[in-house]
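# from the sequence below, what's the structure:
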Amino acid sequence: MIALIMAGGKGTRMNMPEEKLLLKYKKPTILHVIGALQNSKCFSKIFAATSPNSPNTEKLISEHIDIIKTGGKDYVTDLNYALSALDDFVFVVSGDLPLLDYTVIQDLVSKHQKDTQWQSFVVTEKFLDQNKLSLEYSTTVDGEQCYYTGISIVNPKGSNQETCTIHNDIKIAINLNTKEDYSKIPKTVP
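Residues are numbered from 1 along each chain as shown. Predicted structure coming up:
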(Lines give C-alpha, C1' and ligand atoms only; values in the text may rest on other atoms or scores of the structure.)
Protein backbone atom coordinates (compact mmCIF):
# COMPACT_ATOMS: atom_id res chain seq x y z
CA MET A 1 0.00 0.00 0.00
CA ILE A 2 1.12 3.53 -0.84
CA ALA A 3 0.34 6.67 1.18
CA LEU A 4 -0.66 9.92 -0.52
CA ILE A 5 -0.87 13.16 1.42
CA MET A 6 -3.02 15.85 -0.16
CA ALA A 7 -0.94 18.97 0.38
CA GLY A 8 -1.78 21.39 -2.40
CA GLY A 9 -4.81 23.28 -1.16
CA LYS A 10 -5.22 27.03 -1.14
CA GLY A 11 -6.19 27.25 2.53
CA THR A 12 -8.51 30.17 1.77
CA ARG A 13 -10.89 29.40 4.66
CA MET A 14 -8.04 29.94 7.13
CA ASN A 15 -7.84 33.58 6.01
CA MET A 16 -4.17 33.71 6.99
CA PRO A 17 -1.05 34.56 4.98
CA GLU A 18 0.81 31.40 6.03
CA GLU A 19 0.14 28.10 4.23
CA LYS A 20 -2.11 26.12 6.53
CA LEU A 21 -0.04 22.93 6.44
CA LEU A 22 2.86 24.90 7.90
CA LEU A 23 0.80 25.95 10.93
CA LYS A 24 2.28 24.48 14.05
CA TYR A 25 0.72 22.50 16.83
CA LYS A 26 3.95 20.96 18.08
CA LYS A 27 5.59 21.14 14.66
CA PRO A 28 4.23 21.97 11.21
CA THR A 29 1.08 19.94 10.69
CA ILE A 30 2.33 18.42 7.44
CA LEU A 31 5.47 17.07 9.17
CA HIS A 32 3.27 15.59 11.88
CA VAL A 33 1.23 13.74 9.24
CA ILE A 34 4.38 12.51 7.46
CA GLY A 35 5.80 11.24 10.76
CA ALA A 36 2.58 9.39 11.62
CA LEU A 37 2.57 7.68 8.21
CA GLN A 38 6.25 6.72 8.49
CA ASN A 39 5.87 5.43 12.05
CA SER A 40 2.88 3.28 11.09
CA LYS A 41 5.17 1.09 8.94
CA CYS A 42 2.14 0.36 6.71
CA PHE A 43 3.38 1.85 3.43
CA SER A 44 5.94 0.91 0.81
CA LYS A 45 6.15 4.54 -0.31
CA ILE A 46 4.82 7.93 0.81
CA PHE A 47 3.97 10.68 -1.67
CA ALA A 48 2.52 14.17 -1.30
CA ALA A 49 0.38 15.86 -3.94
CA THR A 50 1.41 19.51 -3.99
CA SER A 51 0.47 22.41 -6.23
CA PRO A 52 1.46 25.98 -7.09
CA ASN A 53 -0.79 26.97 -4.14
CA SER A 54 1.65 25.51 -1.60
CA PRO A 55 5.25 26.28 -2.64
CA ASN A 56 6.61 26.58 0.90
CA THR A 57 4.97 23.33 1.96
CA GLU A 58 6.46 21.59 -1.07
CA LYS A 59 9.91 22.95 -0.28
CA LEU A 60 9.71 21.70 3.31
CA ILE A 61 8.42 18.20 2.59
CA SER A 62 10.49 17.46 -0.51
CA GLU A 63 13.35 16.67 1.88
CA HIS A 64 11.26 13.89 3.47
CA ILE A 65 9.06 12.29 0.80
CA ASP A 66 8.43 12.18 -2.94
CA ILE A 67 6.28 14.84 -4.57
CA ILE A 68 3.57 14.57 -7.22
CA LYS A 69 3.04 18.06 -8.63
CA THR A 70 -0.56 18.83 -9.52
CA GLY A 71 -2.16 21.85 -11.17
CA GLY A 72 -3.87 23.10 -8.00
CA LYS A 73 -7.25 23.51 -9.68
CA ASP A 74 -9.28 21.82 -6.94
CA TYR A 75 -9.11 18.85 -4.57
CA VAL A 76 -10.86 16.31 -6.80
CA THR A 77 -8.87 17.20 -9.93
CA ASP A 78 -5.58 17.11 -8.02
CA LEU A 79 -6.48 13.82 -6.33
CA ASN A 80 -7.44 12.15 -9.61
CA TYR A 81 -4.22 13.37 -11.22
CA ALA A 82 -2.11 12.01 -8.35
CA LEU A 83 -3.95 8.67 -8.30
CA SER A 84 -3.34 8.24 -12.04
CA ALA A 85 0.40 8.11 -11.29
CA LEU A 86 0.05 5.28 -8.75
CA ASP A 87 -0.61 1.57 -9.20
CA ASP A 88 -1.19 0.05 -5.77
CA PHE A 89 -3.89 0.64 -3.17
CA VAL A 90 -3.48 4.19 -1.90
CA PHE A 91 -4.10 5.47 1.62
CA VAL A 92 -5.20 9.04 0.87
CA VAL A 93 -4.95 11.47 3.76
CA SER A 94 -5.39 15.19 4.10
CA GLY A 95 -2.24 16.97 5.25
CA ASP A 96 -4.18 18.99 7.82
CA LEU A 97 -4.84 16.38 10.51
CA PRO A 98 -2.80 17.59 13.51
CA LEU A 99 -3.77 14.73 15.85
CA LEU A 100 -3.21 11.86 13.41
CA ASP A 101 -0.89 9.20 14.79
CA TYR A 102 0.51 5.88 13.67
CA THR A 103 -1.87 3.80 15.82
CA VAL A 104 -5.00 5.15 14.16
CA ILE A 105 -3.38 4.69 10.74
CA GLN A 106 -2.63 1.05 11.57
CA ASP A 107 -6.22 0.62 12.74
CA LEU A 108 -7.66 2.12 9.55
CA VAL A 109 -5.38 0.03 7.33
CA SER A 110 -6.48 -3.09 9.23
CA LYS A 111 -10.10 -2.21 8.37
CA HIS A 112 -9.34 -2.02 4.65
CA GLN A 113 -11.88 -3.98 2.64
CA LYS A 114 -9.74 -5.26 -0.23
CA ASP A 115 -12.73 -5.87 -2.50
CA THR A 116 -13.72 -2.20 -2.19
CA GLN A 117 -12.63 0.28 -4.85
CA TRP A 118 -12.93 3.41 -2.71
CA GLN A 119 -13.26 3.14 1.07
CA SER A 120 -13.80 6.44 2.87
CA PHE A 121 -13.53 6.76 6.64
CA VAL A 122 -16.21 8.87 8.28
CA VAL A 123 -17.26 9.95 11.76
CA THR A 124 -20.84 10.21 12.94
CA GLU A 125 -22.62 13.49 13.54
CA LYS A 126 -23.35 12.31 17.09
CA PHE A 127 -19.61 11.83 17.73
CA LEU A 128 -18.86 15.30 16.37
CA ASP A 129 -21.61 16.86 18.50
CA GLN A 130 -20.36 15.09 21.66
CA ASN A 131 -16.89 16.55 21.04
CA LYS A 132 -18.15 19.99 19.93
CA LEU A 133 -16.58 19.55 16.51
CA SER A 134 -17.77 20.04 12.97
CA LEU A 135 -16.75 18.84 9.54
CA GLU A 136 -18.00 20.10 6.22
CA TYR A 137 -18.92 17.24 3.88
CA SER A 138 -21.55 14.72 4.88
CA THR A 139 -23.03 11.45 3.74
CA THR A 140 -25.46 8.91 5.15
CA VAL A 141 -24.19 5.52 6.31
CA ASP A 142 -26.75 2.92 7.38
CA GLY A 143 -29.28 5.69 8.02
CA GLU A 144 -26.88 7.73 10.15
CA GLN A 145 -25.58 11.20 9.28
CA CYS A 146 -21.78 11.01 8.95
CA TYR A 147 -18.95 13.32 7.91
CA TYR A 148 -15.86 12.70 5.81
CA THR A 149 -12.51 12.82 7.61
CA GLY A 150 -10.26 13.27 4.58
CA ILE A 151 -9.00 9.68 4.75
CA SER A 152 -9.75 7.03 2.14
CA ILE A 153 -8.19 3.86 0.79
CA VAL A 154 -8.45 3.82 -2.98
CA ASN A 155 -7.72 1.39 -5.78
CA PRO A 156 -6.41 3.87 -8.38
CA LYS A 157 -7.14 1.43 -11.20
CA GLY A 158 -10.70 0.78 -10.02
CA SER A 159 -13.96 2.66 -10.18
CA ASN A 160 -15.14 5.48 -7.95
CA GLN A 161 -17.72 3.24 -6.30
CA GLU A 162 -17.52 4.30 -2.66
CA THR A 163 -17.99 2.42 0.58
CA CYS A 164 -17.96 4.34 3.85
CA THR A 165 -16.63 2.96 7.12
CA ILE A 166 -17.50 4.67 10.40
CA HIS A 167 -14.48 5.23 12.63
CA ASN A 168 -15.24 7.61 15.50
CA ASP A 169 -11.82 8.80 16.62
CA ILE A 170 -10.85 12.34 17.63
CA LYS A 171 -7.49 11.87 15.89
CA ILE A 172 -9.18 11.90 12.49
CA ALA A 173 -12.10 14.18 13.35
CA ILE A 174 -10.09 17.40 13.65
CA ASN A 175 -8.69 19.01 10.54
CA LEU A 176 -7.53 22.55 10.02
CA ASN A 177 -9.91 24.33 7.69
CA THR A 178 -10.56 27.48 9.71
CA LYS A 179 -8.98 29.54 12.48
CA GLU A 180 -11.65 28.11 14.78
CA ASP A 181 -10.45 24.57 13.98
CA TYR A 182 -6.89 25.60 14.79
CA SER A 183 -7.96 27.11 18.12
CA LYS A 184 -9.63 23.83 19.20
CA ILE A 185 -6.52 21.67 19.00
CA PRO A 186 -4.99 22.16 22.47
CA LYS A 187 -8.40 21.88 24.16
CA THR A 188 -9.14 18.59 22.42
CA VAL A 189 -5.93 16.63 22.84
CA PRO A 190 -6.66 13.55 24.96
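# host element of F47?
strand 45-50 (DSSP states H and E).
# then D107?
Per DSSP H and E, the secondary structure element for D107 is helix 102-110.
# which residues touch the next helix or strand after that helix?
Once helix 102-110 ends, the next helix or strand along the chain (criterion: DSSP H and E) is strand 118-124. Residues from elsewhere that reach strand 118-124, judged by Cβ atoms under 8 Å, 6 or more residues apart in numbering: 108, 111-113, 135, 139, 141, 144-149, 151-155, 158-169, 172-173. Every residue, glycine included, has its C-beta placed from N, CA and C.
# and if you look at stretch 157-172?
With Cβ under 8 Å, 6+ apart as the criterion, stretch 157-172 contacts 87, 97, 99-101, 104, 107-108, 111, 113, 116-124, 127, 131, 133, 139, 141, 144, 146, 149-151, 188, 190.
# so where is this structure shaky, pLDDT-wise?
Residues of the chain meeting the criterion pLDDT under 70: 9-26, 176-190.
# tell me where it has helices.
29-40, 55-61, 75-84, 102-110, 125-130, 170-173, 179-188 (DSSP state H).
# gap between the strand of greatest length in the chain and the chain center?
For the chain, the longest strand by residue count, based on DSSP state E, is strand 144-154. On the basis of Cα atoms, centre = their mean, to the nearest Å, strand 144-154 sits 10 Å off its chain's mean C-alpha point.
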